[in-house]
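Asker: turn this into a model:
(2 chains)
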Amino acid sequence: MNAALLAQLRDHLGSLWRRPRLDLPLLGALLLLMGVGLGTLYSASDLDRGQMLAQTLRFVLGLGVMVVIARIPPSTLRNWTPWLYTGSVLLLLVVMVLGEGRGAHRWLDLKILRFQPSELLKLTMPMMIAWYLNLRPLPPGWSTLGIAGALIAIPVVLVAEQPDLGTALLIAASGAFGIFLSGVAWWRIGVVVAVVAAAIPLHWRYFMHDYQKNRVLTLLDPEADPLGNGWHIIQSQIAVGSGGVWGKGWHHGTQSRLEFLPEHTTDFIFSVFAEEWGLIGVLMLLALYLFIIARCLWIAANARDTYARLLAGAISMALFVYVMVNGGMVTGILPVVGVPLPLVSYGGTSAVSLLAGFGVLLSIHAHRRNPGAG
Amino acid sequence: MRRLRLRGRRGGAPKPIGEARVEAAMFRRRALAGFALIALCLAGLGLRFSFLQVDEHARLSARSDANRILTRPLAPARGLIYDRNGVLLAENVAAFRLEVTAEQAGDVQDTVRRLGEFLPISDDDITRYNTLRKRKRSYEGVPLRLKLSEEEIARFSVARWAFPGVEVVPYLTRAYPLGAEFAHTVGYVGRIDENDLNRLDAGEYAGTTHVGKTGIERYYEPRLHGRVGYEKVEVNADHRPLRVLPDRVAPVPGDNLYLSIDARLQEAAEAAFAGRAGAAVALDPRNGEVLAMVSVPSFDPNLFVNGISGADYKALLDNDGKPLLNRLLRGTYTPGSTIKPFVGLAGLELGLRRPEDTVLSTGEFFIPGQSRAYRDDVRGGFGRVDLVQAIARSVNTYFYSVSLDMGIDRFSSYLSRFGFGQTTGIDLVGEGSGVLPSREWKRARFNQAWYPGETVIAGIGQGYWIVTPLQLGNAVATLAARGVPHTPHLLRAVQAASDDRPQVLPLAPDQASVIDRAANWQAVQRGMIEVVQAGTARAVGGDFPYPIAGKTGTAERYSRTDESWTSISASPIERHQVLFECFTPADDARIAVIVALEAGRSGASDAAPIARRILDTWLPGDQQRQRETLATSDGGGP
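Answerer: Predicted coordinates:
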């Protein structure tokens, strides 16, 4: 079994050189996005070439991972799915026991690179949901929903306990979108949403950390704590708003240059972009994300089987959550949670895991129903 | 039905054509609905951006322009440390440091290199500067060199014009006026390094350069540090300060700490060692206060404050005396005969012996049925001895026999009452826990069964036994207080910035005595008094105005097999680890002292005189206090 899989893998690596089959519109949009990301980063880091270089290397690494994954047929991915899911959940448990990291236990130190197992779940979670729903008659009933819900809840609770609310949210969303796309009846969605809404006060009271509560409270009244929690929100809104329609121009954003804006190369890089490129730039960037999501959903709709469809759909829709949560955060309509702006924020693991997700999409595209179309 | 279908599809076989087509159609509808939802949400996000960037633009733009006010941290003054009588042990003195502001300096590496031509700048300085710089904004000054000498300041001043962004800044640095004497007690502060940065609250330490690394400085870091203050400064676009704004939050200085240590006693204790490696502690058995604590040899803590030079540090590390080792907390000593009063007490308390019961010492002791001989210190033995004589003359046979009767489980369970095998909980970092021999300990350590012979030698403080001097001191203080334990502690009083005088900390309420019958304690105490009056340590007991209870301990440094009485490899002066424990006045102890020397002839000849020097220094103050107490109680009468 293993030997066969390895042989298969070697085969794919070989044909990778000979004949890369990649969806050009999607690839083009991604490259454009990465270009925008690097340009913004160069400005936000105050023309620090070191950070640019590091981020470029991560992109190159991510693209490499993407191209490799794009060569693995969805059927192989499907066979691996339960093992990959189980493995990533086990790694989460390992991190919980012996992980390190300041305050939050989410890193596993592999000496060469620091590795965050929760990133794996951004991919293995939708894979597992797609694998499971593929076995069940669709649209799913309550028993199927219950089991799928448990498959989502286990890793999400582990990640939320680390505590890493942003990643937990992304993982939960990618699983939930898989279920949504499987055609679960609207009234069942209504019931689940109602139950979740009812559980929020309980969650607030018993499970949330004080700092997480603070972030939500600060959102309601940032001026109450202008040097503590409110600082991020206020400074970010000042940056965005002072950009106006046309923006202050590249590397002319005073908020970040004078270092009033914290985390301006990572979580709050969207504010820098908005300050320097204005509303016009923001709308163009949002349109670019919308195009990528649309193209991904189109790939999903043309996929060969239910597994590939659900997987591709869930990954595409999860991308939206990144953009929405990060955009909501920098404009002060959502609380501060550590969700990066995809392929623009500085940082390694998220760029690589995002590109790996696009690799899955490219693979599904290459193995679509009638390869002549598109 | 469902189950059947499920099984049929495992392995990835395609679904029936019709079903697959339905699912594909369903997916397309859902994907469309999902996309519509996404587009709607992103449009909403776009609206939010346009609200901020169009409607709110004027207001937020104005705030962006006003964003020229920087908040600068003001470091609090670190709390001072005194002994119990107000002798200054750690103080803050004015000094000058060199700060480099990256934004104004331009090429920082080049600036640092050129500065090196005027002032000595070590690689350590540069590494530390680069670490700190990462945590600071580019317009904030970061210290490069601390404690500049006057000559260095003069040399830099001449070339100052060539170094924009480099400034000489006054600050307060830590100094330890009594130096090495308190290095193992007060400890020292050092420059904040990478590890500290991860541990400390970034806001509170925003203006602070030093943090407690060892000793009291480390343990009471939160109390000593104080609260950071802030001032607001208006700057121009290049961050040059234009003026300081009136709303300033003053820093709150750290608390001044008053230790229970008596610096005079400490000095006498240190002097009494005359440089011989070892440790001593004097405790007040009534409350656990540490009156003196010494670890010899020591080092000058002032060397560490502003970064120790590589050569100095290497010299300390390579020194055979291991001056950096805190022998009181971490030294490992075989307790030897100092354990005998505790073992004797255990025999009485467990009902195995009455005080008047005697044992015949013939010079050799055998476990019934075994041929190995366990020996006394005198060939031919001491004859018939009871407990008092057994302690006074340190008769091994008595303790061999009582330990064997007790068995290791009752032995270790009873002795753990006195804190053996556990840390004492003193307010210092890095205390060792020693070894109290027990079946469980041996199982965990060596995964081996326990042998009766090991119980026998445990009874005279040999074998697996390890104590730290502090641990033994704590046990003796507990014994001196008739079994009432107190956690040893150094902090006696605290003076917060708001207090006009130090506030003595309340003591923990007294715990119950660990000794069940007072008569048992009295028998052991009589034995220990006898040690000093007529026994092994009679040379030091004499002429002291209070009765002293004590016990010597002399343990071989080199393990001896029972055949090799005479063939020992070291000279007699260095042959043993020697110890002496004592408390006085014997009936109502106000001080307990233990002295441990790493090498010596015997506990009586080497350790006991040091203890006596400590007691002699302590005595006048105690007599004075006793007279005052008497006077006040007389004055309070009718």
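Asker: name the nearest residue to residue B:508, ignoring sequence neighbours.
Answerer: In space, and not counting its chain neighbours, residue B:508 is closest to residue B:487: 6.9 Å by Cβ to Cβ, 6 or more residues apart in numbering or on different chains. Bear in mind the C-beta positions are built from the backbone N, C-alpha and C, glycine included.
Asker: how near is the one you found to chain A?
Answerer: Look at residue B:487 and chain A: by Cβ to the nearest Cβ, to the nearest Å, they are 31 Å apart.
Asker: wait, isn't that residue in contact with residue B:423?
Answerer: No: assessed by Cβ atoms under 8 Å, residue B:487 is found out of contact with residue B:423, at 10.1 Å.
Asker: can you tell me which helix in the chain is longest?
Answerer: Chain wasn't specified; assuming chain A. Longest helix in chain A, counting residues (DSSP state H): helix A:269-301.
Asker: nope, chain B please
Answerer: helix B:17-50.
Asker: for it, what is the average pLDDT?
Answerer: Averaging pLDDT along helix B:17-50 yields 90.
Asker: what comes up buried for that helix?
Answerer: Buried residues in helix B:17-50, counted by 16 or more other Cβ atoms under 10 Å in any protein chain shown: B:20, B:23-24, B:26-28, B:30-31, B:34-35, B:38, B:41-42, B:45-46, B:48-50.
Asker: other SSEs contacting it?
Answerer: With contacts taken as 3 or more Cβ pairs under 8 Å, 6 or more residues apart in numbering or on different chains; DSSP states H and E, helix B:17-50 sits against helix A:165-181, helix A:269-301, helix A:306-330.
Asker: so what's the gap between it and the chain middle?
Answerer: Relative to its chain's centre, helix B:17-50 lies at 63 Å (Cα atoms, centre = their mean, to the nearest Å).
Asker: which element is encountered next along the chain beyond it?
Answerer: Next along the chain after helix B:17-50, taking DSSP states H and E as the criterion, comes helix B:57-66.
Asker: tell me which residues of that next one are tucked away?
Answerer: Going by neighbour count (16+ other Cβ under 10 Å), the buried part of helix B:57-66 is B:57, B:60-61, B:63-64.
Asker: same question for stretch A:60-79.
Answerer: For stretch A:60-79, burial by neighbour count (16+ other Cβ under 10 Å) applies to A:62-63, A:65-74, A:76-79.
Asker: sorry, back to before: show the pLDDT at the residue nearest to residue B:508.
Answerer: Residue B:487 carries a pLDDT value of 94.
Asker: what helix or strand is it on?
Answerer: Going by DSSP H and E, residue B:487 is not part of any helix or strand.
Asker: rewinding a little: pick the one among the buried residues of stretch A:60-79 closest to residue B:79.
Answerer: Using Cβ to Cβ, residue A:62 is the member of the buried residues of stretch A:60-79 that lies nearest residue B:79, at 51.5 Å.
Asker: now do the same for the residue in chain A that chain B sits nearest to: its pLDDT.
Answerer: Nearest to chain B, among the residues of chain A, is residue A:241, at 2.8 Å (Cβ to the nearest Cβ). What the model reports for residue A:241 is a pLDDT of 91.
Asker: does it sit in a helix, a strand or a coil?
Answerer: Under the three-state scheme (DSSP: H, G, I helix; E, B strand; the rest coil), residue A:241 adopts helix.
Asker: wait, what's in contact with it?
Answerer: Listed by Cβ atoms under 8 Å, 6 or more residues apart in numbering or on different chains, the contact set of residue A:241 reads B:52-53, B:56-57, B:59-61, B:64.
Asker: between those residues, which sits nearest residue A:53?
Answerer: Looking across the contacts of residue A:241 and measuring by Cβ to Cβ, the closest to residue A:53 is residue B:64, at 30.5 Å.
Asker: my guess is that closest one contacts residue A:240, does it?
Answerer: No: counting by Cβ under 8 Å, residue B:64 stays clear of residue A:240, with 10.2 Å between them.
Asker: show me what from the stretch 1-150 of chain A comes close to chain B.
Answerer: A:46, A:75, A:78-79, A:102, A:134-139 (Cβ under 8 Å from any Cβ of the partner chain).
Asker: and with 6 Å instead?
Answerer: Within the stretch 1-150 of chain A, the residues that sit near chain B (Cβ under 6 Å from any Cβ of the partner chain) are A:75, A:78, A:102, A:135, A:138.
Asker: redo those residues as JSON lines? Include pLDDT and secondary structure.
Answerer: Formatted as JSON lines, the residues of the stretch 1-150 of chain A next to chain B follow (pLDDT from 0 to 100; DSSP: H, G, I helix; E, B strand; the rest coil):
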{"residue": "A:75", "pLDDT": "91", "secondary structure": "helix"}
{"residue": "A:78", "pLDDT": "93", "secondary structure": "helix"}
{"residue": "A:102", "pLDDT": "42", "secondary structure": "coil"}
{"residue": "A:135", "pLDDT": "91", "secondary structure": "helix"}
{"residue": "A:138", "pLDDT": "81", "secondary structure": "coil"}
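Asker: tell me the SS of residue A:369?
Answerer: Recorded secondary structure, residue A:369: coil (three-state DSSP).
Asker: residues near the nearest residue to residue A:318 once chain neighbours are set aside, how many?
Answerer: Computed as Cβ to Cβ, 6+ apart, the closest residue to residue A:318 that is not its neighbour in sequence is residue A:174, at 3.9 Å. By the measure other Cβ atoms under 10 Å in any protein chain shown, the count of residues near residue A:174 is 27.
Asker: again, but for the one 5 residues further on
Answerer: The burial count assigned to residue A:179 is 26, neighbours taken as other Cβ under 10 Å.
Asker: next one: the one 3 residues further on
Answerer: Counted with other Cβ under 10 Å, the burial measure for residue A:182 works out to 28 neighbours.
Asker: residue A:133 is in contact with that one, correct?
Answerer: Yes: using Cβ atoms under 6 Å, residue A:182 is in contact with residue A:133, at 4.7 Å.
Asker: give me the common contacts of those two.
Answerer: Common contact partners of residue A:182 and residue A:133 (Cβ atoms under 6 Å, 6 or more residues apart in numbering or on different chains): residue A:310.
Asker: how many neighbours does the closest residue to residue B:87 other than its chain neighbours have?
Answerer: In space, residue B:87 comes closest to residue B:263 once its chain neighbours are excluded; the distance is 4.2 Å by Cβ to Cβ, 6+ apart. By the measure other Cβ under 10 Å, the count of residues near residue B:263 is 20.
Asker: surely residue B:263 meets residue B:88?
Answerer: No: look at residue B:263 against residue B:88 with Cβ under 6 Å: they stay out of range, at 9.2 Å.
Asker: just the pLDDT at the residue lying closest to residue B:42 once chain neighbours are set aside, thanks.
Answerer: Leaving aside its chain neighbours, residue B:42 sits nearest to residue A:286 (5.3 Å; criterion: Cβ to Cβ, 6+ apart). The confidence metric pLDDT takes the value 96 at residue A:286.
Asker: what about residue A:286, neighbour count?
Answerer: Neighbour count for residue A:286, taken as other Cβ under 10 Å: 18.
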